[in-house]
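Engineer: quick one, structure for this:
(chains A and B)
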Amino acid sequence: MISKVKASAISALSDIQDGATVMISGFGHVGQPVQLIDALTEFGPSELTIVSNNAGNGVSGLAALLSTGKVRKVICSFPRQVDSQVFDSLYRSGVIELELVPQGNLSERIRAAASGIGAFYTPTGFGTQLAEGKEVREIDGRNYVLEFPIRADYALISALHGDRIGNLVYRKTARNFAPMMAAAASVTVAQIDGLVDIGALDPESIVTPGIYVDRIVVVGERTWLHNGQFIGSTS
Amino acid sequence: MSGLSRDELAARVASDLWEGAYVNLGIGAPTRVAKFISDEVEIILHTENGMLGMGPPPAPECVDPDLVDAGKSPVTELSGASYFSQAESFAMIRGGHLDVCIMGAFQVSMQGDLANWSTGEVDAIPAVGGAMDLAVGAKVVWVMTDLLDHQDQPKLVARCSYPITAPACVTRIYSDLAIFEITSNGLFVRERFADTTTEDLRALLGIPLEELQ
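Structural biologist: Numbering: from 1, shown residues only, chains lettered A, B, ... in the order given. Predicted structure coming up:
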């Protein structure tokens, strides 16, 4: 019987090597796989390249990982935030490399890797600093920039519920980058609030089919939910 | 010379949106437009982090950490809302499905070049988010901004000195002093606010400017 469920976050990540490229889902804190990031921070491979929309908020989660100095490069669309002081300081001191990618190009480059596309022409970024040095082409009177896929060794994602074979559903805007990242990495690890019986998820509503998910870590329901339903703010 | 307050301008922008329009409101001043959309006009708000049918901010006790807008502020879900991934959200944007995107700006050129992602300062942390995608993808790109920046320099200029977000994408500017149209025939004043005159605007901007007939 297939079971992708692992006993702990650490055991699900322990084969990540130094120098690995790791995708991390989330839009700020929303949909960030906090327990997986904390385990990665604790377990500590170094020289990592992180692919994520942001570059950490506050001092927890992704920001805590960056603060260990074990991240060499960040590929993201929006590092600058009111609470991105950890990244800001590492970037200004030249410790961390940044590849800044427009948000739609970031998601499409990940999607291209996920779906076996060699490269694609996009109008986004044409004529800007972010397209400097890139191949351009006019197609039907419109200008495009050639962009290449971003793939990863690992994807760390967060979902609401999953089953033992890795089918996943998400909650509201926490879905964001997780479905593409799940499909763009050699090994995908999903943290989920709760494990459901196989067959319990409506096949019509599964967002990430289990083929993309290699390991599942059950982290328990978040404080604002009860049986997957919103019960009110905790702040 | 006087003009509109931020809220008055937001209300003016809202009055130009139409029933059935799919609209993306950028971070900052454009977010205010949502407050002034009439209950009698059904407009569907898109937020690029993956939602259509975004509603107003919730009461404090109803803040849902899984439900935010592109500025990461808490929002609500209206009946008929849908959620989707980032790839789907930006396919929607790039694929020309959004009717209107309203963004802020550091500068807009007479040709409609938009600069709103970087001031080009050496020690600044760069960040772009979805601005470049929205600027090339929405059917119509409007800018909502004060006409002058904090140094009292015009934001509507002959050529952008800041790094651009996209070339020739803005067709209308809603500013505190006037509404401008950018066309292939040049720059036009569509509407002036309070006691602002076209001569005032010409003196302020120093670029060719005609009255829309």
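
Engineer: which stretches of the chain form helices?
Structural biologist: Defaulting to chain A. Applying DSSP state H to chain A gives helices spanning A:9-13, A:34-43, A:62-67, A:85-92, A:103-114, A:178-184.

Engineer: wait, chain B
Structural biologist: So, for chain B - with DSSP H - the helices run B:6-14, B:86-94, B:131-137, B:198-205.

Engineer: winner for burial among those?
Structural biologist: helix B:131-137 (a mean of 30; mean count of other CB atoms under 10 Å in any protein chain shown). C-betas here are computed from N, CA, C, even on glycine.

Engineer: tell me the most buried of the helices of chain A?
Structural biologist: helix A:178-184 (a mean of 28).

Engineer: who does that helix touch, helix- and strand-wise?
Structural biologist: strand A:21-24, helix A:103-114, strand A:152-162, strand A:185-195, helix B:86-94 (3 or more CB pairs under 8 Å, 6 or more residues apart in numbering or on different chains; DSSP states H and E).

Engineer: mind running it again at 7 Å?
Structural biologist: Applying 3 or more CB pairs under 7 Å, 6 or more residues apart in numbering or on different chains; DSSP states H and E, we find helix A:178-184 packed against helix A:103-114, strand A:152-162.

Engineer: in TSV: the helices of chain A, plus mean pLDDT.
Structural biologist: Formatted as TSV, the helices of chain A follow (pLDDT from 0 to 100):
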stretch	mean pLDDT
helix A:9-13	97
helix A:34-43	95
helix A:62-67	95
helix A:85-92	94
helix A:103-114	98
helix A:178-184	98
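
Engineer: mind checking the ones you listed for the one nearest to B:E8?
Structural biologist: Taking CB to CB, helix A:103-114 is the member of the helices of chain A nearest to B:E8, at 31.3 Å.

Engineer: strand A:152-162 and that closest one, what's the angle between them?
Structural biologist: 100 degrees (axes from the mean of the first three to the mean of the last three CA atoms, to 10 degrees).

Engineer: and helix A:103-114 with strand A:185-195, angle?
Structural biologist: Going by the same axes, to 10 degrees, helix A:103-114 is angled at 100 degrees with respect to strand A:185-195.

Engineer: for helix A:103-114, output the C-alpha coordinates as PDB.
Structural biologist: What follows is helix A:103-114, C-alpha atoms only, in PDB (Å, rounded to 0.1, in the frame of the first residue of the first chain):
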ATOM      1  CA  GLN A 103       5.800  37.600 -10.600                       C
ATOM      2  CA  GLY A 104       4.100  36.200 -13.700                       C
ATOM      3  CA  ASN A 105       7.400  35.200 -15.200                       C
ATOM      4  CA  LEU A 106       8.400  33.500 -12.000                       C
ATOM      5  CA  SER A 107       5.200  31.400 -11.900                       C
ATOM      6  CA  GLU A 108       5.300  30.700 -15.600                       C
ATOM      7  CA  ARG A 109       9.000  29.700 -15.500                       C
ATOM      8  CA  ILE A 110       8.100  27.200 -12.700                       C
ATOM      9  CA  ARG A 111       5.100  26.000 -14.700                       C
ATOM     10  CA  ALA A 112       7.400  25.500 -17.800                       C
ATOM     11  CA  ALA A 113       9.700  23.300 -15.800                       C
ATOM     12  CA  ALA A 114       6.700  21.500 -14.400                       C
END
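
Engineer: out of the helices of chain B, which comes closest to B:S175?
Structural biologist: helix B:6-14 (7.6 Å).

Engineer: could you list the low-pLDDT ranges of the chain?
Structural biologist: Went with chain A since none was named. Applying pLDDT under 70 to chain A flags the ranges A:234-235.

Engineer: got the residues of it near chain B?
Structural biologist: Contact residues (CB under 7 Å from any CB of the partner chain) of chain A with chain B: A:27-28, A:30, A:77-80, A:88, A:91-92, A:100, A:102-104, A:107-108, A:111, A:122-125, A:127-130, A:171-177, A:179-180, A:224, A:230, A:232-233, A:235.

Engineer: now a ChimeraX select for only the buried ones of these.
Structural biologist: The ChimeraX command for the buried members of the residues of chain A next to chain B (criterion: 16 or more other CB atoms under 10 Å in any protein chain shown) is given here:
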select /A:27,28,30,77,78,79,80,88,91,100,102,103,104,107,108,111,122,123,124,125,127,128,130,171,172,173,174,175,176,177,179,180,224,230,233
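
Engineer: what's the neighbour count on residue 83?
Structural biologist: If you meant another chain, say so; for now it's chain A. A:D83 has 14 neighbouring residues, counting by other CB atoms under 10 Å in any protein chain shown.

Engineer: you looked at the wrong chain, it should be chain B
Structural biologist: B:Y83: 22 neighbours (other CB under 10 Å).

Engineer: can you pull the contacts of it?
Structural biologist: A:172-173, A:175, B:50-51 (CB atoms under 7 Å, 6 or more residues apart in numbering or on different chains).

Engineer: 10 Å instead?
Structural biologist: A:170-176, A:207, B:49-53, B:66-67, B:77, B:89 (CB atoms under 10 Å, 6 or more residues apart in numbering or on different chains).

Engineer: from A:V169, how far off is it?
Structural biologist: 11 Å (CB to CB, to the nearest Å).

Engineer: now do the shared contacts for the two.
Structural biologist: A:175, A:207.

Engineer: point out where chain B drops to low pLDDT.
Structural biologist: Within chain B, not a single segment meets pLDDT under 70.

Engineer: about what we covered before: quick one: closest of the helices and strands packed on helix A:178-184 to B:L98.
Structural biologist: helix A:103-114 (11.9 Å).

Engineer: and the closest one, how far out from the chain middle?
Structural biologist: 11 Å (CA atoms, centre = their mean, to the nearest Å).

Engineer: count the neighbours of B:M51 for me.
Structural biologist: Neighbours of B:M51 (other CB under 10 Å): 26.

Engineer: that older thread, dump the helices of chain B to JSON lines, plus distance to chain A.
Structural biologist: Shown next, in JSON lines, are the helices of chain B (distance: least, CB to the nearest CB, whole Å):
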{"stretch": "helix B:6-14", "distance to chain A": "20"}
{"stretch": "helix B:86-94", "distance to chain A": "3"}
{"stretch": "helix B:131-137", "distance to chain A": "3"}
{"stretch": "helix B:198-205", "distance to chain A": "23"}
